[in-house]
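[1] Let's see this in three dimensions:
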Amino acid sequence: MEKPHRQQIKPYTENLHYPFSVFESQFQRLRPHWHHHVELLYFLSGSGRVYLNGNEFMVQQGDLVLINSGNVHYFVSDEHVHTEHLCLQFDPEVLQVRNTIFEFKYILPLTTKSIECQQIFRNNELANTDIVIVLNDLLKEYTSKKYGFELAVNKYINHIILWILRYRRTNLATPGELPRENIPNFQYLLDYVEQNYWEDITVKQAAGICNLSYNYFSSQFNKIMRQSFNDYVNRIRIREAEKLMFTTDMNITEIAMMIGFTSSSYFIRQFKKYKTITPKQFIKKFTI
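    Numbers count the residues shown, from 1 in each chain. Got it, this is the predicted structure:
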């Protein structure tokens with residue numbers, strides 16, 4: 001089995017002044033990998049299968065795929081079909097959001113792997129928008145590198161992401177609203193869980209971190225994230241398990257212990273709950 005790897009973007013290591021990369025590609029097979037940057041793939045021609053967080057999607061010319069930070073993904077072109085893409089990769093920081101309230105509201109859906117949001121935008125959904133024009137203009141700016149092109153690229157990235165957020169909002173696919181005074185503590189909690197998901201973090205502890213009562217915290221978390229706190233933690237664990245399954249030689253028991261489950265049997269039950277198949281079936285299914 002070919003194992004996913006963590007990908008580094010060349011421009012990030014060569015020049016920190018450009019926290020983005022835009023290019024056309026013709027790869028017919030992109031092996032499983034993940035990275036911290038956000039990626040947009042626009043299909044200029046051809047068709048194939050995109051794997052994203054345990055699901056496969058058929059894609060074709062005119063489709064746009066949003067790959068969130070940390071998502072395990074790969075692409076395989078259909079047999080005997082030549083596929084071309086426009087690829088945009090960027091650090092979420094280029095969205096220029098420095099306010100905690102705005103960061104929680106707008107950036108969280110791009111960087112938090114455990115919020116389920118629409119990530120495939122079909123050609124008919126883009127038909128009456130200017131997104132394709134913006135993508136082409138973005139590529140021209142990045143390629144020409146005229147004076148001030150960084151500002152232009154940032155402007156175009158913000159334009160595309162704004163459209164995505166508004167489109168999701170229309171389709172009720174974004175996190176709910178949180179009272180302004182609770183946002184800093186709530187953001188701290190999500191950061192804490194991302195960094196300590198293997199620990200036994202109870203709902204009571206989470207409520208304490210947010211300085212909220214148990215019942216109020218539970219209801220607010222369910223309303224905002226559209227899942228319980230325990231589900232949120234387990235989704236993070238399962239998605240970290242995906243990476244370990246593909247990037248290490250660890251067995252199922254070792255992975256279960258590494259991500260915070262008390263036994264391999266409990267891990268298998270939870271994995272099947274969220275992925276509908278067992279870990280072994282998952283590995284077999286997504287071997288490319």
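
[2] and the helix or strand residue 195 falls within, which residues are buried?
    In this structure, residue 195 sits in helix 183-196 according to DSSP states H and E. Neighbour counts over helix 183-196 (16 or more other CB atoms under 10 Å) mark 183, 186-187, 189-190, 193 as buried. Using the backbone N, CA and C atoms, a C-beta is placed for each residue, glycine as well.

[3] Following element in sequence after it, please.
    helix 203-209.

[4] how far is that next one from where the chain is centred?
    26 Å (CA atoms, centre = their mean, to the nearest Å).

[5] likewise stretch 190-204?
    Relative to its parent chain, stretch 190-204 has a centroid offset of 19 Å by CA atoms, centre = their mean.

[6] Extract the C-alpha set from it and format it as PDB.
    Extracted C-alpha coordinates of stretch 190-204, given in PDB (Å, rounded to 0.1, in the frame of the first residue of the first chain):
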ATOM      1  CA  LEU A 190     -10.800  24.100  20.400                       C
ATOM      2  CA  ASP A 191      -7.100  24.800  20.200                       C
ATOM      3  CA  TYR A 192      -6.600  22.800  23.500                       C
ATOM      4  CA  VAL A 193      -8.500  19.800  22.100                       C
ATOM      5  CA  GLU A 194      -6.500  19.900  18.800                       C
ATOM      6  CA  GLN A 195      -3.200  19.800  20.800                       C
ATOM      7  CA  ASN A 196      -4.300  17.300  23.500                       C
ATOM      8  CA  TYR A 197      -6.900  15.100  21.700                       C
ATOM      9  CA  TRP A 198      -5.300  11.900  23.100                       C
ATOM     10  CA  GLU A 199      -6.100  12.900  26.700                       C
ATOM     11  CA  ASP A 200      -9.300  12.100  28.500                       C
ATOM     12  CA  ILE A 201     -11.000  15.500  28.200                       C
ATOM     13  CA  THR A 202     -14.400  15.300  29.800                       C
ATOM     14  CA  VAL A 203     -17.400  17.600  29.000                       C
ATOM     15  CA  LYS A 204     -17.100  18.900  32.600                       C
END
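
[7] And the residue lying farthest from the centre of the chain, how close does it get to residue 206?
    Note on the chain: the largest C-alpha distance from the chain mean falls to residue 147, namely 31.9 Å (CA atoms, centre = their mean). For residue 147, the distance to residue 206 equals 49 Å [CB to CB, to the nearest Å].
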